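Asks: coords below, sequence missing:
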């Protein structure tokens, strides 16, 4: 007896997969047959995708919301589609593109149309991914030019941080006392200490060059 499966992929753990799951359930996929991965589409190192593929048998039906759920690379999408439909022998239904339903048009013309649509959409998916990356790079570059700083802001240390460090080095302060005065964690204390030493070293070097 043929089984119906569904595959859901979201590009990061912050994204919500509910929409895809609801659509697949409405299509008739049971919750136990919905496989989901939460990570980038750059590659296919996806545990649940591989688990699902290992269960697929000839005649099964796989629902995916859109073609880019199989990946965002033109060649990879083509390879996965070929592997699923030709090597394993399952049917695929792409919910948001009715023309990509291998249950329909199994004659020569239907196959030709489906292959053509697949190639076009695979190209569009990869092209869109490249455009998104370029826009992100341009946005980051423009933001940096405006003085925007990325990453987690540095934890502030008190103005007398140097004095506290000297007291700690001389043994006049225990580490716990130094941390309490600075109101920072041990890892932050040592990190800022390293940064301070690097800054002092750079300044010493500059001074030596001037001489």
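Replies: Okay, I see it. Keep in mind it's a predicted model, so treat the numbers as computed, not measured.

Asks: What are the boundaries of the helices in this structure?
Replies: In the chain, the segments counted as helices under DSSP state H are 18-26, 47-55, 74-82, 108-145, 161-169, 175-182, 186-210.

Asks: Tell me which of these sits nearest to residue 8.
Replies: Comparing the helices of the chain by their distance to residue 8 (CB to CB), the top pick is helix 18-26, with 4.4 Å. Quick note: C-beta positions are derived from backbone N, CA and C, even for glycine.

Asks: what's the pLDDT at residue 97?
Replies: According to the per-residue confidence, residue 97 scores 84 in pLDDT.

Asks: what does the average pLDDT come to for stretch 117-132?
Replies: Per-residue pLDDT values across stretch 117-132 average out to 69.

Asks: Which parts of this protein belong to which domain?
Replies: 4-127, 161-210 (automatic domain parsing).

Asks: Kindly compare burial across those and name the winner.
Replies: domain 4-127 (a mean of 16; mean count of other CB atoms under 10 Å).

Asks: Specify the angle between the strand ranked longest in the chain and helix 47-55 in degrees.
Replies: Identified as the longest strand of the chain according to DSSP state E is strand 4-10. Calculated by axes from the mean of the first three to the mean of the last three CA atoms, to 10 degrees, strand 4-10 forms an angle of 160 degrees with helix 47-55.

Asks: All good on my end, thank you.
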